[in-house]
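# Give me coordinates for this.
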Amino acid sequence: MLASIGHSIKCLLEELLDTAYIQCNNLILVLFTIIGYMTIIKKDNNVTTLINVFTVDPSNQQGLIDILIETTEQVMNKQEGFISANIHKSLDGIHVVNYAQWESKEAFEKNPKAIVHMNEVLTIAKADGSLYEVAFVEEGASNT
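Residues are numbered from 1 along each chain as shown. Okay, the predicted model is just below:
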């Protein structure tokens, strides 16, 4: 009887280890997928960052976000030198921020298709954008 219980426990442990191995591999694949498309903010990253702050009537905030997402998915991510875009909305509904990374200032500037879509954006929002490079990053102790 003890041998039978021992064998059952051994089989259960092997099954758990197999499941854990599969889960771990799946997690690794998910992490690689995320990292491949994730914005990385760090000093000396050699990217150019567009930070565009839009001011909008709260009733148009979601419409502006929808336009920016559509433009990013259909146009921007197909442009040479585009790295990533992140769209943030203010809790008060008045602002939307587009944080986009490009390989260089030149890559961003040779992007004429953006102008067409900006015209649509400017019908419902004011834009204040500039190009930046990261000067400093500090991470909390829990991130190390």
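# what bridges to Val97?
The residues listed as beta-bridge partners of Val97 by DSSP bridges are Val53, His88.
# Give the full set of residues in contact with it.
With contact set as Cβ atoms under 8 Å, 6 or more residues apart in numbering, Val97 has these partners: 51-54, 87-90. The way it works is simple: take the backbone N, C-alpha and C, and place the C-beta from them, glycine included.
# switch the cut-off to 7 Å
Shown in contact with Val97 (Cβ atoms under 7 Å, 6 or more residues apart in numbering): 51-53, 88.
# which of these has the most neighbours?
The residue in those with the most neighbours, by other Cβ atoms under 10 Å, is Asn52 (20 neighbours).
# before we move on, the earlier item: just put the contacts of Val97 in CSV and tack on distance to Met118 and pLDDT.
Listed next are the contacts of Val97 as CSV, based on distance: Cβ to Cβ, whole Å; pLDDT from 0 to 100:
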residue, distance to Met118, pLDDT
Ile51, 15, 95
Asn52, 9, 95
Val53, 14, 97
His88, 18, 97
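# I am finished for the moment; much appreciated.
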